[in-house]
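Chemist: Below: sequence and its predicted model.
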Amino acid sequence: MDDQTLFEFITLESAQAGLSWYTILKKRQGYKNAFHQFRVEDVALMTEADVERLLCNTNIIRNRLKIRATINNAQAFIKVQQEFGSFARYQWQFVNFKVIVNDIASKEGYLATSDISIIFAKDLKMRGFKFLGPTTIYAHMQACGMVNDHDNACFRKQEIINTYQNLDIKQRLA
């Protein structure tokens, strides 16, 4: 997954904090338009005037802190890219460049967080990211394919395992 898509996911997951995914997915195009098609370099340059303009945009969640967090997160995202070569390389290190496949046999087996999402979220916070806690980061890890949380009976679970089992993620990100 390319860094622009990862920035989109981080942005939408941050916006989703405290809201339903349905609400955010309905506004996905609005976010895309409001935040420069998720071009992180352009978002990082947005100003307080842009924040004020976006507070009037009914196509996104009009929360000043979340809008500012998106701009802030773009700036922090770029710093991670500079340090690690890509955001993808940075985030995949948390799972040692391997997909985590969870054994889920019932609804009780689904997680909202994990030890890794807690560590990942703390590291993001240390790097200046906002509105990204362990639950939000766990959802990000699922969305990016870092975690396979398909139910054991789901036909997609094995398809995904087959796709990733011979894939050298670290090599692809080098």
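Modeler: Happy to help now that I have it. Here the structure is a predicted model, which means the values were calculated and not measured.

Chemist: and the gap between residue 158 and residue 38?
Modeler: Counting by CB to CB, to the nearest Å, the gap from residue 158 to residue 38 is 32 Å. Just so you know, the C-beta spots here come from the backbone N, C-alpha and C atoms, and that holds for glycine as well.

Chemist: same question but for residue 142, I mixed them up
Modeler: 19 Å.

Chemist: So which of residue 158 and residue 38 has more stuff around it?
Modeler: Higher neighbour count among residue 158 and residue 38: residue 38, with 21 against 13, using other CB atoms under 10 Å.

Chemist: quick one: the more buried one from residue 162, how far?
Modeler: To residue 162, residue 38 is 30 Å away according to CB to CB.

Chemist: One more: residue 56?
Modeler: Taken as CB to CB, the span from residue 56 to residue 162 is 48 Å.

Chemist: more neighbours, those two?
Modeler: residue 162 (10 against 7).

Chemist: what mean pLDDT would you report for the host helix or strand of the more buried one?
Modeler: Here residue 162 sits within helix 155-165, counting by DSSP states H and E. Mean per-residue pLDDT for helix 155-165: 84.

Chemist: Which other helices and strands does that helix contact?
Modeler: strand 147-148 (3 or more CB pairs under 8 Å, 6 or more residues apart in numbering; DSSP states H and E).

Chemist: what sits against the nearest residue to residue 92 once chain neighbours are set aside?
Modeler: Leaving aside its chain neighbours, residue 92 sits nearest to residue 169 (5.7 Å; criterion: CB to CB, 6 or more residues apart in numbering). Residue 169 is in contact with 92, 97-99, counting by CB atoms under 8 Å, 6 or more residues apart in numbering.

Chemist: before we move on, what about residue 116?
Modeler: Applying CB under 8 Å, 6+ apart, we find residue 116 in contact with 94-95, 100, 141.

Chemist: I'd assumed it was in a helix, is it?
Modeler: Yes: Residue 116 sits within a helix when classified using DSSP: H, G, I helix; E, B strand; the rest coil.

Chemist: Against residue 79, how distant is it?
Modeler: 22 Å.

Chemist: Quick one: the strands in this protein, in order.
Modeler: Counting by DSSP state E, one finds strands in the chain at the ranges 100-101, 147-148.

Chemist: can you list the ones you listed in JSON lines and add mean neighbour count, mean pLDDT and distance to residue 111?
Modeler: Below are the strands of the chain laid out as JSON lines (neighbours: other CB atoms under 10 Å; pLDDT from 0 to 100; distance: least, CB to CB, whole Å):
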{"stretch": "strand 100-101", "mean neighbour count": "16", "mean pLDDT": "93", "distance to residue 111": "10"}
{"stretch": "strand 147-148", "mean neighbour count": "20", "mean pLDDT": "94", "distance to residue 111": "8"}
